[in-house]
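> generate coordinates for the sequence data below:
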Amino acid sequence: CLRNPIERAYSHYMMDYNSTLQDEEDFIKALKKDYFSDKEKKWGLSHLYVELGFYYKQVKRYMDLFPKDNIHFVFLDDIKSSRLETINSVMDFLCLDHFKHDRFVIHNKGKEASNLFFRRLILLYKQYSFLLDNFSMLKKIGKFILMRNSRKRKIPKDAVVFLRALYKKDIDFYNNLKIK
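As a prediction, the model looks like this:
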């Protein structure tokens with residue numbers, strides 16, 4: 001499933017920020033710090049907010065390895081706008097029966113700290129969680145009390161401008177693949 005690379009980068013940042021893996025509150029600062037870092041770009045060494053949105057090479061690699069009729073691309077925007085139709089296009093591709101209903105449950109919804117105090121408490125907890133390893137129920141209760149569903153936030157305009165400029169060439173190449 002492919003999604004808008006700008007939305008993907010922001011979602012990735014928000015997931016890291018809400019789970020306290022990212023300390024920087026300003027998205028554009030976090031983006032630039034990670035993108036322009038001298039650190040090696042690898043899973044676990046950097047956040048890869050920008051790099052993971054460069055889809056062209058990833059998609060082309062599949063298209064070079066497999067016949068086009070063995071690949072089916074799905075776009076997140078299509079799932080959002082016409083979920084049942086998109087899911088059934090996947091079912092057609094797999095030669096499976098269609099879904100008859102559109103009662104899909106959203107799982108893995110984003111979470112955020114209820115407030116700044118709880119965010120700091122979560123950071124402290126993460127530093128000393130090794131002391132509580134045997135208290136898994138306490139962890140679950142703590143998450144329930146301290147966390148709430150994330151609010152939908154708009155991507156800051158300066159970040160959109162920055163990312164559009166970075167992704168422009170990649171998107172042009174990607175559009176030339178005619179994968180839809």
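> how about the helices in the chain?
Under the criterion DSSP state H, helices of the chain are mapped to 5-18, 27-35, 55-65, 76-81, 83-93, 116-128, 136-146, 157-176.
> may I see the buried residues of stretch 28-35?
Neighbour-count burial for stretch 28-35 flags I28, A30, L31, K32, D34, Y35 (criterion: 16 or more other C-beta atoms under 10 Å). In short, each C-beta sits where N, CA and C put it, glycine included.
> which among those residues gets closest to L48?
In terms of C-beta to C-beta, no member of these lies closer to L48 than D34, at 7.2 Å.
> quick check: the closest one touching L52?
No. With contacts counted by C-beta atoms under 8 Å, D34 stays clear of L52, the gap being 10.8 Å.
> returning to that earlier point: quick one: the buried residues of stretch 28-35 as a markdown table, columns for distance to M15 too.
Output for the buried residues of stretch 28-35, formatted as a markdown table (distance: C-beta to C-beta, whole Å):
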| residue | distance to M15 |
| --- | --- |
| I28 | 17 |
| A30 | 12 |
| L31 | 14 |
| K32 | 19 |
| D34 | 14 |
| Y35 | 17 |
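> closest one of the residues you listed to I79?
L31 (25.4 Å).
> contact partners for that closest one?
Taking C-beta atoms under 8 Å, 6 or more residues apart in numbering, we find L31 in contact with A9, Y13, Y49, V50, A159, F162, L163.
> any idea how far the fifth one is from M14?
As for A159, its distance to M14 is 12 Å (criterion: C-beta to C-beta, to the nearest Å).
> could you do Q22 as well?
Separation of Q22 from M14 (C-beta to C-beta) stands at 9 Å.
> quick revisit: tell me the two of the contacts of L31 that are most distant?
Largest separation among the contacts of L31 by C-beta to C-beta: Y13 and F162, giving 12.6 Å.
> looking at these two, which is more packed in?
For Y13 versus F162, neighbours defined as other C-beta atoms under 10 Å are more numerous around Y13 (22 against 19).
> shaky segments in this protein?
Along the chain, the model assigns pLDDT under 70 to residues 102, 104, 106-116, 118-120, 122-151, 177-180.
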